[in-house]
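[1] Output the structure for:
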Amino acid sequence: MKKALTLFLNIIILFGLFGLFCLFGLFGCTSKAKEHSVENELYNEQETDYEKEEGYVQEIYFVQKVDKLQRLSREKSKAIKENTSTSSVTPETIITVTTTPESDKTVKTNTDRKTVVIDPGHGAGGNREEERQSPDSEVMKIKDPGGAQGVSSRIPEYVVNMEVALKLKTLLEQNNVNVVMTKIDNNVSPGNIERAETGNINNADLEIRIHCDSAADKSANGASMLVPAPIGYAVDISSISREYGQVILNSLVTEAGMYNRGVIERKDLTGFNWSKVPVVLVEMGFMSSPNEDNLLNDNSYQDKLAVGLCNGIFESLGLN
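    Modelled structure (predicted):
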């Protein structure tokens, strides 16, 4: 009986210990689960913070990259400006590149190039058609009476006019002047309105009409300069034309060593009255004078005439 009681107590103790063991095991499992859950929460939280931090770092990197590009752009622009300001470039070759999109970029030169229209007077056979003398007049005049002829050489005026005109053209173009000819063929004889329109259309800085003179008196000699009166379109350009004409005439007679007959204002010349740009007409000498007729047909004398006219044009237009 005593042994049975002892055995029963031992069994109860064993069951009690087993129960305690299970209780502690369950508690331990729960603790581990909670710990693992906390660790996961911490890990997830850290991961979220890292992602936020990584985005922040990327944002910083992007800003830094933009700043760097902007700094490089400023440095490049500064270098270009410094290079432009310190390089030895002549005014004719300095270029300005606009900071516009590539398709709209333009390159410009700062050359102030002048335009001179040269009008070799008259033509073979003349032109008997008529035209109005002035836009504000009903008076009609023939377009080209044909010009003079050398008293000794028998050379027509239009031949001398063209030879000097072409020499002047060469001199001006050699000095970067844009030259427009009203004609280059002696067989062509346009009207005076058409000749004036050549200067108007090209917005010429000056139109110079090349002629020779003639008179009944064979002793008449020297050069003169005709300029427009304030008539028709020439109202606005008569004053500057007179100024240019005086300068060019002085240069011509000095170079050629000829008599100066002065500046003469004319209101009856169609080529003047229809001109909207400064215009002058030079009479380079008298083909009715045996001496000047021979000179006007001499190549070296024609060179002097062209040089004198060219120098006067340069001085008038401020190209010296």
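[2] Need the pLDDT of Pro101.
    pLDDT recorded at Pro101 is 37.
[3] Then the one 4 residues further on?
    As summarised for this prediction, Lys105 has a pLDDT of 32.
[4] can you tell me which residues contact Pro120?
    158, 161-162, 164-166, 181-183, 210 (CB atoms under 8 Å, 6 or more residues apart in numbering). The C-beta positions use only the backbone N, C-alpha and C, and glycine is treated the same way.
[5] Next step: those restricted to strands.
    The members of those that map onto strands under DSSP state E are 181, 210.
[6] okay, the contacts of Pro120 in CSV with neighbour count next?
    CSV is the format used below for these (neighbours: other CB atoms under 10 Å):
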residue, neighbour count
Tyr158, 27
Asn161, 26
Met162, 22
Val164, 25
Ala165, 24
Leu166, 16
Met181, 15
Thr182, 23
Lys183, 19
Ile210, 27
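[7] from the contacts of Pro120, which ones fall inside helices?
    158, 161-162, 164-166 (DSSP state H).
[8] Quick one: the residues you listed as JSON lines, columns for pLDDT too.
    Below are these laid out as JSON lines (pLDDT from 0 to 100):
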{"residue": "Tyr158", "pLDDT": "98"}
{"residue": "Asn161", "pLDDT": "98"}
{"residue": "Met162", "pLDDT": "98"}
{"residue": "Val164", "pLDDT": "98"}
{"residue": "Ala165", "pLDDT": "98"}
{"residue": "Leu166", "pLDDT": "98"}
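[9] for the chain, where's the lowest mean pLDDT among helices and strands?
    None of the helices or strands of the chain scores lower by mean pLDDT, DSSP states H and E than strand 95-97, at a mean of 29.
[10] if I read this right, Asn187 contacts Asn127, doesn't it?
    No - with contact defined as CB atoms under 8 Å, Asn187 does not count as touching Asn127 (11.3 Å).
[11] Counting neighbours, go ahead and name the busier of the two.
    Each of Asn187 and Asn127 has its neighbours counted (other CB atoms under 10 Å); Asn127 has more, 19 against 9.
[12] which residues touch the more buried one?
    142-144, 189-191.
[13] For it, give the beta-bridge partners.
    Per DSSP bridges, the residues bridged to Asn127 are Asp144.
[14] Check it and give its pLDDT.
    For Asn127, pLDDT reads 96.
[15] if I look at it, how far off is Val282?
    Applying CB to CB, to the nearest Å, the value for Asn127 to Val282 is 21 Å.
[16] how about the helices of this structure, start to end?
    So, for the chain - with DSSP H - the helices run 2-86, 157-174, 192-201, 238-256, 270-273, 290-296, 299-316.
[17] Next, the buried residues of the fourth one.
    In this case it means helix 238-256. With burial defined by 16 or more other CB atoms under 10 Å, the residues of helix 238-256 counted as buried are 238, 241-242, 244-253, 255-256.
[18] Specify which member of those is nearest to Asp217.
    Taking CB to CB as the measure, Val253 is the one of the buried residues of helix 238-256 closest to Asp217, at 19.7 Å.
[19] shouldn't that closest one be in contact with Val247?
    No - the pair Val253 / Val247 is not scored as a contact, 11.6 Å apart, by CB under 8 Å.
[20] picking that back up, the helices of the chain: lowest mean pLDDT?
    helix 2-86 (a mean of 46).
[21] and Ala229, how many residues sit next to it?
    17.
[22] Now do it against Val235, distance only.
    For Ala229 relative to Val235 (CB to CB), the value is 9 Å.
[23] Then Leu269?
    Distance, Leu269 to Val235, using CB to CB: 15 Å.
[24] Of the two, give the one with the bigger neighbour count.
    Legend: neighbour count by other CB under 10 Å for Leu269 and Val235, higher for Leu269 (23 against 14).
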